[in-house]
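# Could you look at this predicted model? Sequence included:
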Amino acid sequence: MSIILSDISKNFGSFAALHNINLEVPEGELVALLGPSGCGKTTLLRIIAGLEHTDKGSVIINGENKTSQNVSQRGIGFVFQHYALFRHMTVFENVAFGLRVKPRHTRPNNEIIKRKVHALLDLVQLDWLHDRYPDQLSGGQRQRIALARALAVEPSVLLLDEPFGALDASVRKDLRLWLRTLHHDLNVTSIFVTHDQEEAMEVASQVVVLNHGHIEQQGSPSEIYDNPTNAFVSRFIGQTNVFDLDEHDNEWLRNMGIINANNTGRIAHVRPHDILIEKSESHQDATATLKDWQHLGALIRLELVKNDHHSSKPLFAEMPKEQFKALALRIGDVVKLKIRHAHWFH
Amino acid sequence: MNTHSIAQHSFKDKTAKQQALKDPDWVRWSLITIALGFITLFICLPLGLVIYQALSKGIEAYWSALTQADTLAAIRLTLLVAIVTVPLNTLFGITAAWAITRFEFKGKSFLTTLIDLPFSVSPVISGFIFVLLFGAEGWFGKLLATYDIKIIFSAPGIILATLFVTFPFVARQLIPLMQEMGHQEEEAALSLGASGWKTFFSVTLPNIKWALLYGVLLCNARAMGEFGAVSVVSGHIRGLTNTLPLNVEVNYNDYDVVGAFASASILAGLAIVTLVLKTILEWKQATR
């Protein structure tokens, strides 16, 4: 089911949380709303759900205008950051809740409810916990139950508010992958909110970057990473080296192989992996010194200082571990740099 | 080896800390003695005296004092007051707690303070407010007289005064709990298609039920035991507008010691029942 948001604005007192948001989510997509805290992403999700009312604009789900409808009539599934499981009900009753509160003429009988709940619990691989209470479960288990509960009513749209935000790192990694697979199997249009760019890139098929109540950019993860439309997106998605171009930096960049042709911008962003490093034989032709390095798993991050004495801001470069080994670099070694690619912004 | 020594070290640390926090014996024993002595002198002794005095002329005198027409009327009136005020204040308490914890509106903190007003005002003044409003010389006195409606010196006045005095109990129990719970579970229920009522009865109420019962219990104890406010509006008409606490006073002033203490023993019994239930509820709340 597709979701179309047009001209959504929302103010809290004098604070403008959202400003003229236009967004279209095609059917079957798994979309991430990504942005720093306070950017309005959760508010936008709650407006789609009907947990919050918009001041202006409309929410259209599957061609139907749902703007003035209550959350209980919208047919959405909502997963909360802190699970919000009913603490006085067993896991089974939690999942069955959405079926039991249906109006009498559409309510399935007990036998069907039982079968359906167990099927859902099987889907989230937790049927063996059906008679436990929420406080007897781990965080990851609770979130999976919350998801099963949301899916029980067969929602047309699944909305997840920082679903992995309260979990520890290893559980989060597993659940991300699991959510992706689940979405692939169920193919229900889903939107999740996150402030973690890595999570958005890993899970979503479409990423919407929000900042200060505006949409900065929307696109597939690789579009957003490779072609950021502005400095905010570029800096928010992944690491980047920022050059505010004065006379000196301009010349330095030109020496590194990057030419600001016809003044394409005043700020240059360079991704760490776009900096190529060669060991330098003499101090004369060296452009930087290796100050420190960190192990990031398969990659090594190098912290470099430019040799031009004009700025002390460190430069970050990344290279595969094997290459770093082959170069045999030590802290204090001088190196030559070449920059493969830069993004220019105004 | 290393971990072993760390464990030993922290164990030593712990015992040292315990000793550092322990008060000298004489401090402990004198504090315990003072506390126990105080409770005996000011709570157990009077309570025992009530029962002793009530039975001072034998169980038969006690029974006949209890079954006097005036005493029975006082019991009936007290029950009536409780039956009307407790449900009303339960409803009010839930409404107020809901409004305060679930909505954002101007004057919310003022409302929260206002709920506590009956606790901070002397009960006599609470009663007096109603005399000023509904008494013969009060604001609405003339109006009420033309329609021949009696509020002061009759049951409605007593009920109003009791309502006023007891209205914070339920709200005060619920507000902190509902604040701490947040409303995500309710939002979850709504998102699953439940109606507002369904959400309240199947999600909110089960979570607050012990605190609610606790508030109702305290509200009831006060409604039955209130003296000050009720005394001002009642007019002390025997067999008509005397509640149990007032009946105690009236009998005592008549030198009817057994009658006074017989009524008092009912109130004391109510207090004990309340305490026992309160303990059970607190235990339930803790093990929920």
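Nice, thanks for sending it over. Numbers count the residues shown, from 1 in each chain, chains lettered A, B, ... in the order given.
# Now for the residue nearest the centre of chain A: which residues touch it?
Centroid-nearest residue in chain A: A:A200, 2.5 Å away (criterion: CA atoms, centre = their mean). By CB atoms under 8 Å, 6 or more residues apart in numbering or on different chains, the residues touching A:A200 are A:A32, A:L34, A:T194, A:V207, A:P221. To be clear about C-beta, it is placed using only N, CA and C from the backbone, and glycine gets the same treatment.
# Now it: which helix or strand?
Taking DSSP states H and E as the criterion, A:A200 maps to helix A:197-203.
# quick one: low-confidence ranges for chain A?
Scanning chain A for pLDDT under 70 picks out A:247, A:260-264, A:309-312.
# In its sheet, which strands sit next to the helix or strand following the helix holding A:A200, and in what direction?
Sequence-wise, the next helix or strand downstream of helix A:197-203 (DSSP H and E) is strand A:206-211. Strand A:206-211 has the following strand partners under DSSP bridges: strand A:30-34 (parallel), strand A:214-219 (antiparallel).
# Give me whichever of those strands is most buried.
strand A:30-34 (a mean of 26; mean count of other CB atoms under 10 Å in any protein chain shown).
# got any ranges where chain B has weak pLDDT?
Using pLDDT under 70, chain B drops low at B:1-20, B:288.
# Kindly report the residues of it close to chain A.
Applying CB under 8 Å from any CB of the partner chain, we find that chain B lies next to chain A at B:184-185, B:187-195, B:198, B:202-203, B:206-207.
# Pull out the buried members of those.
By neighbour count, with 16 or more other CB atoms under 10 Å in any protein chain shown, those hold B:184-185, B:187-194, B:198, B:202-203, B:207 as buried.
# farthest-separated two in the residues you listed?
Using CB to CB, the two most remote members of those are B:G193 and B:N207, lying 19.7 Å apart.
# so what's A:V157 up against?
A:M1, A:I3, A:I48, A:I61, A:G75, A:I76, A:G77, A:V188, A:T189, A:S190, A:I191.
# and chain B, which of the residues you listed contact it?
A:G75, A:I76, A:G77.
# these two touch, right, the last one and A:A148?
No. Contact status for A:G77 versus A:A148: not in contact, 10.0 Å apart, counting by CB atoms under 8 Å.
# burial count for the residue of the stretch 151-300 of chain A found nearest chain B?
Distances between the stretch 151-300 of chain A and chain B by CB to the nearest CB are smallest at A:V153, namely 5.7 Å. Burial of A:V153 is recorded as 18 neighbouring residues (other CB atoms under 10 Å in any protein chain shown).
# so which strand or helix has the residue nearest the centre of chain B?
With distances taken as CA atoms, centre = their mean, B:L218 lies nearest the centre of chain B, 2.8 Å away. For B:L218, the host element (DSSP H and E) is helix B:205-225.
# chain center to that helix, what's the gap?
Between the centre of helix B:205-225 and the centre of its chain there are 8 Å (CA atoms, centre = their mean, to the nearest Å).
# give the contact list for the nearest residue to A:R180 once chain neighbours are set aside.
Spatial nearest neighbour of A:R180, excluding adjacent residues (CB to CB, 6 or more residues apart in numbering or on different chains): A:V203 at 5.2 Å. With contacts defined as CB under 8 Å, 6+ apart, A:V203 is in contact with A:L30, A:A32, A:R176, A:L179, A:R180, A:F192.
# Just want the phi and psi numbers for residue 103.
You didn't say which chain, so I picked chain A. Dihedral pair for A:P103: phi -60, psi 150, per degrees, to the nearest 10.
# nope, chain B
Torsion angles, degrees, to the nearest 10, at B:F103: phi -120, psi 150.
# now for the contacts of A:A200, which pair is the farthest apart?
Greatest spatial distance among the contacts of A:A200 (CB to CB): A:T194 and A:P221, at 12.4 Å.
# For chain A, which segments count as helices?
Ranges of helices within chain A are A:41-49, A:91-100, A:110-123, A:139-152, A:169-186, A:197-203, A:221-226, A:231-236, A:247-255, A:321-327, based on DSSP state H.
# The last one: which residues count as buried?
By that I understand helix A:321-327. By 16+ other CB under 10 Å, the buried positions in helix A:321-327 come out as A:F324, A:L327.
# Helix, strand, or coil at the nearest residue to B:N242 once chain neighbours are set aside?
Spatial nearest neighbour of B:N242, chain neighbours left out: B:A74 (4.8 Å); criterion: CB to CB, 6+ apart. With DSSP: H, G, I helix; E, B strand; the rest coil as the basis, B:A74 sits in helix.
# Near chain B, which residues of chain A are found?
Contact residues (CB under 8 Å from any CB) of chain A with chain B: A:49, A:51, A:70-73, A:75-78, A:80, A:82, A:84-88, A:97-98, A:101-102, A:146, A:149-150, A:152-153.
# Quick check on those: which are buried?
A:49, A:51, A:71-72, A:75-78, A:80, A:82, A:84-88, A:97-98, A:101, A:146, A:149-150, A:152-153.
# residue boundaries of the helices in the stretch 1-150 of chain B?
Assignment of helices within the stretch 1-150 of chain B using DSSP state H, counting those that start in this stretch yields the ranges B:2-21, B:25-39, B:45-54, B:58-66, B:69-102, B:108-115, B:117-120, B:123-134, B:141-146.
# Out of those helices, flag the one nearest A:E93.
With CB to CB, the closest approach to A:E93 among these belongs to helix B:69-102: 23.8 Å.
# Please give the centre-to-centre distance between the closest one and its chain.
10 Å.
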